[in-house]
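Peer 1: Starting from these lines, generate the structure:
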Amino acid sequence: MRKPGNVTDSNMTFDNIYSEYYQRCFLFAKSYLHDEMLSKDIASEAMISLWTTMKTEEVDNVRAFLMTVVKNQSLNHLRNEHLRMEARENILNDELYELEFRISSLDACNPTDIFSEEIDRIVNRTLDILPLQTRNVFRMSRYENKSIKEIADSLNISVKGVDYHISKALKALRVSLKDYLYLFFF
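Peer 2: Model (predicted):
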């Protein structure tokens with residue numbers, strides 16, 4: 001009497017083994033891998049492995065041999081997939097951390113503050129190179145909020161003189177701040 005899965009029986013040709021066990025190998029692999037094409041590949045590789053082994057040695061239990069091959073190949077695939085997922089998760093965590101950093105950095109950023117410090121430096125540098133009278137007129141007008149009449153009376157110059165000095169300062173500032181003028185329109 002033949003033992004189940006024993007190849008020593010002359011009635012068990014490779015075609016018979018393939019017909020009897022391929023579907024079982026496929027379904028076993030698919031139950032763990034959830035991938036039909038991969039499961040077919042692993043079942044076929046198990047059959048090839050059995051065929052190669054049968055050429056050189058006797059296989060006592062075909063079913064156990066095939067299921068062991070399918071199990072090991074499925075395990076290898078799942079372990080590799082697990083490693084890939086961990087690596088992908090680590091990459092995503094790094095990207096997520098960088099994205100969160102950029103979001104919080106941009107959220108905390110106040111463009112007005114960034115440019116206002118730079119603009120203040122440019123304004124002060126530009127005013128410092130203007131003649132003293134022009135600088136004083138401009139500062140009184142813009143920083144002290146004095147009227148043209150108040151400035152004229154305070155500095156003993158005409159109203160037209162105050163207008164001239166303010167125009168001269170504004171022209172110099174327009175040239176110095178040409179790269180930042182778009183900010184003033186928003």
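Peer 1: can you tell me the average pLDDT over the lengthiest helix in the chain?
Peer 2: When the chain is parsed with DSSP state H, its longest helix is helix 62-108. The average pLDDT within helix 62-108 is 89.
Peer 1: The residue lying closest to residue 40 once chain neighbours are set aside: what's it in contact with?
Peer 2: Nearest non-adjacent residue to residue 40, counting by CB to CB, 6 or more residues apart in numbering: residue 26, 5.9 Å away. In this view, the C-beta of every residue, glycine as well, is placed from N, C-alpha and C. Residues in contact with residue 26 (CB atoms under 8 Å, 6 or more residues apart in numbering) are 39, 40, 42, 43.
Peer 1: How about residue 134?
Peer 2: Residue 134 is in contact with 165, 168, 169, counting by CB under 8 Å, 6+ apart.
Peer 1: what comes up buried for the helix or strand where residue 124 lies?
Peer 2: Residue 124 is part of helix 111-129 when elements are defined by DSSP states H and E. By neighbour count on 16 or more other CB atoms under 10 Å, the buried set for helix 111-129 is 119, 122, 123, 126, 127.
Peer 1: Can you lay out those residues as TSV showing distance to residue 82 and pLDDT?
Peer 2: As requested, those are arranged in TSV below (distance: CB to CB, whole Å; pLDDT from 0 to 100):
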residue	distance to residue 82	pLDDT
119	55	79
122	58	86
123	61	85
126	64	91
127	66	91
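Peer 1: about what we covered before: and the contacts of residue 26, which are buried?
Peer 2: In terms of neighbour count (16+ other CB under 10 Å), the buried residues within the contacts of residue 26 are 39, 42, 43.
Peer 1: For the first one, what is the enclosing helix or strand?
Peer 2: In this structure, residue 39 sits in helix 36-56 according to DSSP H and E.
Peer 1: and the angle from that helix to helix 62-108?
Peer 2: If you take axes from the mean of the first three to the mean of the last three CA atoms, to 10 degrees, helix 36-56 sits at 140 degrees to helix 62-108.
Peer 1: wouldn't residue 123 be in contact with residue 176 here?
Peer 2: Yes. The criterion here is CB atoms under 8 Å, and residue 123 meets it with residue 176 at 7.5 Å.
Peer 1: List the residues that contact residue 42.
Peer 2: Applying CB under 8 Å, 6+ apart, we find residue 42 in contact with 25, 26, 29, 33, 70, 73, 74, 77.
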